[in-house]
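Engineer: below is the sequence, then the predicted model.
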Amino acid sequence: MTEEKNIILNIGVEKISAKLFREKVNSFLDLLNEVGKFVGEGKKKISWQISVEKGSQIIKAFPKSKAESYIDTALNLIDEGITSLSKGTSTLMPEKMLEDIMIISKPYKNNGESIDKILLSVNNKPQTLDNSIVKNIQDIIGISSQAYGTVEGKLEVVSKRHGLSFVIADRLTDKAVKCVFKDEKLLERVFESWDKRVSVYGLIRYNKRGEIISILVDNFRVLLDKNKLPTSRDVLGIFLNN
């Protein structure tokens, strides 16, 4: 029998204060809620069933949805996101999910009570949440500088939640860049540009490592597909024919 898909939070201590337990669990539950809304573009496409192992600080969450694809996308987003955060690289996770993971990951030591690391498992694959995750998230969501400029890349994700936004893979770094703008008139053009190379211009926000966090878009255009660009032989042929 196939094991039920799940996300498991293991706080890793036998005893914990009610306040700290509530803080970690509330952030975990909010993370589940946020990922469900993210994959459903603002609509609740996933519900969760929760169980707590007797005599432990282990909370298990089991996703339910009419479409299995929503579940797989949500679980992959969390699993791959934590992997990226562990390596100190960017992730497609929205800022609210990053904030939830940061709260869950924060170490704690006071009056003999100590938490150094927490385990978060997706489909029974555990990953460690510790202070390195916290620092990496702070670097990602912390804006160090901003300037107007252009970003080019392939349009990969489109979302209407909290205003029109999309994610492109930066041509230079291959990292995900969130692009945000409020002009609903551009909505049709954006969706027509799905999976195409685009160039966006606007206010770019950088983190402390100099990586682009996001761009507030003033304008964008679709670039010609690389396969359709004229080769040197094509150019030579045009020149000779003229």
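Structural biologist: Alright, I've got the coordinates.
Engineer: could you point out the longest strand of this protein?
Structural biologist: Under DSSP state E, the strand in the chain containing the largest number of residues is strand 145-159.
Engineer: now do that one: distance to the chain's middle.
Structural biologist: Computed by CA atoms, centre = their mean, to the nearest Å, the chain-centroid distance of strand 145-159 equals 15 Å.
Engineer: now stretch 185-195
Structural biologist: 21 Å.
Engineer: can you give me the first-to-last residue distance of it?
Structural biologist: This stretch, stretch 185-195, spans 20 Å end to end (CA to CA, to the nearest Å).
Engineer: relative to strand 145-159, how tilted is the longest helix seen in the chain?
Structural biologist: Longest helix of the chain, by residue count under DSSP state H: helix 18-39. Angle between the axes of helix 18-39 and strand 145-159 is 70 degrees (criterion: axes from the mean of the first three to the mean of the last three CA atoms, to 10 degrees).
Engineer: list the contacts of helix 18-39.
Structural biologist: Helix 18-39 is touched from outside by 7, 9, 11, 43-48, 50, 57, 59, 61, 63, 70, 73-74, 77-78, 94, 96-97, 100-101, 103-104, 108, 113, 115, 118, 159, 161, with contacts defined as CB atoms under 8 Å, 6 or more residues apart in numbering. The C-beta positions use only the backbone N, C-alpha and C, and glycine is treated the same way.
Engineer: which parts of the protein belong to which domain?
Structural biologist: 7-141, 145-224 (automatic domain parsing).
Engineer: quick one: buried residues of whichever strand or helix holds K60?
Structural biologist: Assigned by DSSP states H and E, K60 belongs to strand 58-64. For strand 58-64, burial by neighbour count (16 or more other CB atoms under 10 Å) applies to 58-61, 63.
Engineer: want to try CSV for the residues you listed, with distance to D30 and pLDDT as columns?
Structural biologist: Conversion of the buried residues of strand 58-64 to CSV gives the following (distance: CB to CB, whole Å; pLDDT from 0 to 100):
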residue, distance to D30, pLDDT
I58, 18, 91
I59, 13, 93
K60, 17, 95
A61, 12, 96
P63, 15, 96
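Engineer: so where is this structure shaky, pLDDT-wise?
Structural biologist: 1-2, 109-113, 157-165, 181-184, 187, 226-242 (pLDDT under 70).
Engineer: and the strands in it?
Structural biologist: Under DSSP E, the chain gives strands at 7-10, 47-52, 58-64, 108-110, 113-115, 118-122, 125-129, 145-159, 165-170, 176-180, 197-206, 212-222.
Engineer: reformat those as TSV; add distance to I137.
Structural biologist: Listed next are the strands of the chain as TSV, based on distance: least, CB to CB, whole Å:
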stretch	distance to I137
strand 7-10	17
strand 47-52	23
strand 58-64	21
strand 108-110	16
strand 113-115	17
strand 118-122	14
strand 125-129	10
strand 145-159	18
strand 165-170	18
strand 176-180	15
strand 197-206	15
strand 212-222	12
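Engineer: out of those strands, which is closest to I16?
Structural biologist: strand 113-115 (6.9 Å; CB to CB).
Engineer: show me what contacts the residue nearest the centre of the chain?
Structural biologist: The residue lying closest to the centre of the chain (CA atoms, centre = their mean) is M93, at 1.2 Å. By CB under 8 Å, 6+ apart, the contact set of M93 is 77-78, 81, 101.
Engineer: 10 Å - rerun?
Structural biologist: 31, 34-35, 38, 77-78, 80-82, 84-85, 99-101, 137, 140, 176 (CB atoms under 10 Å, 6 or more residues apart in numbering).
Engineer: I137 now?
Structural biologist: So I137 contacts 85, 91, 93, 95, 97-103, 105 (CB under 10 Å, 6+ apart).
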